[in-house]
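Colleague: Only the shape, not the letters, is given here:
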């Protein structure tokens with residue numbers, strides 16, 4: 001696996017260019033994941049400043065705690081809070097998708113809003129869940 005410390009240090013700037021979704025981060029933190037190695041390599045090669053959302057952090061911590069896996073490294077990753085403006089936008093996104101006949105998970109709308117409000121990219125392997133938000137301006141990595 002690529003040196004994870006380099007990945008962690010890159011995320012310590014003020015503005016984040018890319019937000020890692022829980023599925024991508026789980027793969028990256030899995031030391032035996034080829035898929036995670038490739039995802040990390042892409043981020044490092046592009047020089048992206050990476051963070052995650054507090055919602056993704058919850059999803060990851062739940063899984064780690066459930067399976068008694070170490071959580072220390074994931075807690076080092078910069079995490080962006082869910083703010084009032086994110087709540088407003090996520091409600092709008094969810095309603096827009098619903099009006100188009102596309103059901104979305106509320107947490108995915110919340111994550112999309114955090115990323116959109118910060119003008120960043122979302123790195124996810126769950127394209128089927130987030131593609132609807134592309135119609136509303138969400139940009140996916142890579």
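Modeller: All right, it came through fine. This one's a predicted model, so the numbers in the text were calculated from it and none came from an experiment.
Colleague: Tell me which stretches of this protein form helices.
Modeller: According to DSSP state H, the chain carries its helices in the segments 4-10, 22-29, 34-46, 54-66, 84-99, 106-117, 127-134.
Colleague: which stretches of this protein have low pLDDT?
Modeller: Within the chain, the ranges that satisfy pLDDT under 70 run 1-16.
Colleague: residues contacting the closest residue to residue 110 other than its chain neighbours?
Modeller: Nearest non-adjacent residue to residue 110, counting by C-beta to C-beta, 6 or more residues apart in numbering: residue 90, 4.5 Å away. All C-beta atoms are positioned from the backbone trio N, CA, C, and that covers glycine. With contacts defined as C-beta atoms under 8 Å, 6 or more residues apart in numbering, residue 90 is in contact with 106, 109, 110, 112, 113.
Colleague: Show me which of the residues you listed are buried.
Modeller: Neighbour-count burial (16 or more other C-beta atoms under 10 Å) applied to those gives 109, 110, 112, 113.
Colleague: Is residue 102 in contact with residue 132, as I believe?
Modeller: Yes. With contact defined as C-beta atoms under 8 Å, residue 102 reaches residue 132; the gap is 4.8 Å.
Colleague: Going by how many neighbours each has, rank the two and give me the top one.
Modeller: Legend: neighbour count by other C-beta atoms under 10 Å for residue 102 and residue 132, higher for residue 132 (19 against 13).
Colleague: mind checking how far the more buried one is from residue 113?
Modeller: Taking C-beta to C-beta, to the nearest Å as the measure, residue 132 falls 13 Å from residue 113.
Colleague: Spatially central residue for this structure, please.
Modeller: residue 21 (2.4 Å; C-alpha atoms, centre = their mean).
Colleague: what residues are up against it?
Modeller: With C-beta under 8 Å, 6+ apart, residue 21 has these contacts: 52, 56, 111, 122, 123, 124, 125, 126, 130.
Colleague: if we go to 7 Å?
Modeller: 56, 111, 122, 123, 124, 126 (C-beta atoms under 7 Å, 6 or more residues apart in numbering).
Colleague: Out of the buried ones among the contacts of residue 90, which two are the most distant from each other?
Modeller: Within these, two members stand farthest from each other by C-beta to C-beta: 110 and 112, at 7.3 Å.
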